[in-house]
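1. Here's my sequence, what's the structure:
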Amino acid sequence: MVLYDGEVRIKGNRAAVLAQLLDPFKLAGVLGFVQLIGVYDREKKMYVSLSDSSEGVADDFRVVYCLWSPDSKPIAFAGIMKGPYLTAGATEVSGWSDDGKFNWRLTTYIREHAGEIALKVVVDVSMQGGGFDKLLARNKTDVGRIAVERLTSYFTTYFRESRGPNLTEVGKFQGSLEMALQKVREIAKQIAMGGVVVRGGDFALLVTVCDGEIRNYRLHSKGEVLNGEEVLSKLVFLEGEVEVVGLEIPLLDLLEHRKVRR
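-> Residues are numbered from 1 along each chain as shown. Here you go, the predicted structure:
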């Protein structure tokens, strides 16, 4: 495996940056060397075209990889891309060619520091197998280098955080999921309008709050999206360390934002 990494500091909030990194179409477009052509449909149990998918959220894609040979000729081959997934403090996406000779993994780490976001991008690339390895030897470093450069350049040059209402952090907690669910109820009581976000290793839970009361649950887990009471039954099977953040939207900011949108 060949590893390449880079780090940048950008203006914005964590949620806005995560939204970009967890969008597979946005991510593939920025990276450039992977094109999404199909998605795995769990109901049909097969890969289908993007327009034929019966699911709203996907994390298993049929793709075409396009790399360059040492003499600058394009080389295309089919494969798979999995993700992006949300992990503790990071996002992760990976993929491989059908023959297993090309493998890659991209991990982004997000840290908030002094009103900025520190974004670290790490790419692992592996190529192997006789003539394939010799033909694409240069790409071992080029794929990683270009991926890091493209992603960091996108956030420093093109990324603009949408101007929505300001979010005020109400409370934070880090620990077991069982304790976190208790904290969610405690934090919710302090929020007039907003929500509580719970981030785990492979899932994210959004709890909508109004007047200190929980109004709805929305769970994203491994490509599956659940709402309402069905979320509570799913949480029984989840475990591990999680991060909890309570966010409140000041009423005046919300009204001003709605006025601007009109």
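
2. Tell me where the model's unsure across the chain.
-> 1-2, 54-57, 69-70, 88, 129-141, 161-167, 223, 250-262 (pLDDT under 70).

3. What ranges does it have for its strands?
-> 2-10, 34-41, 46-48, 60-68, 74-87, 90-97, 102-113, 116-127, 168-176, 193-199, 203-210, 213-221, 224-227, 241-248 (DSSP state E).

4. quick one, what contacts I214?
-> 184-185, 188, 207-208 (Cβ atoms under 8 Å, 6 or more residues apart in numbering). Backbone N, C-alpha and C define where each C-beta goes, glycine included.

5. Repeat the analysis, applying 10 Å as the threshold.
-> 184-185, 188-189, 191, 195-196, 207-208 (Cβ atoms under 10 Å, 6 or more residues apart in numbering).

6. Likewise for S153?
-> Applying Cβ under 10 Å, 6+ apart, the residues near S153 are 6, 8, 30, 159.

7. In CSV: these, plus distance to P84 and neighbour count.
-> Below are the contacts of S153 laid out as CSV (distance: Cβ to Cβ, whole Å; neighbours: other Cβ atoms under 10 Å):
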residue, distance to P84, neighbour count
G6, 18, 17
V8, 18, 17
V30, 12, 18
F159, 16, 17
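
8. Most widely separated two among the residues you listed?
-> Spanning the widest gap among those are G6 and F159, at 15.2 Å by Cβ to Cβ.

9. about what we covered before: can you tell me which of the strands of the chain is packed in deepest?
-> Greatest average neighbour count among those goes to strand 193-199 (a mean of 23), per mean count of other Cβ atoms under 10 Å.

10. Tell me what angle that one forms with strand 74-87.
-> 110 degrees (axes from the mean of the first three to the mean of the last three Cα atoms, to 10 degrees).

11. Hmm, V244 and E169 touching each other?
-> No: using Cβ atoms under 10 Å, E169 is not in contact with V244; the gap is 11.1 Å.

12. Domain boundaries for this protein, per the record?
-> For the chain, automatic domain parsing gives the domain ranges 2-158, 168-261.

13. Out of the contacts of S153, flag the one nearest to Y47.
-> The nearest one, if we look at the contacts of S153 relative to Y47 and count by Cβ to Cβ, is V30, at 23.1 Å.
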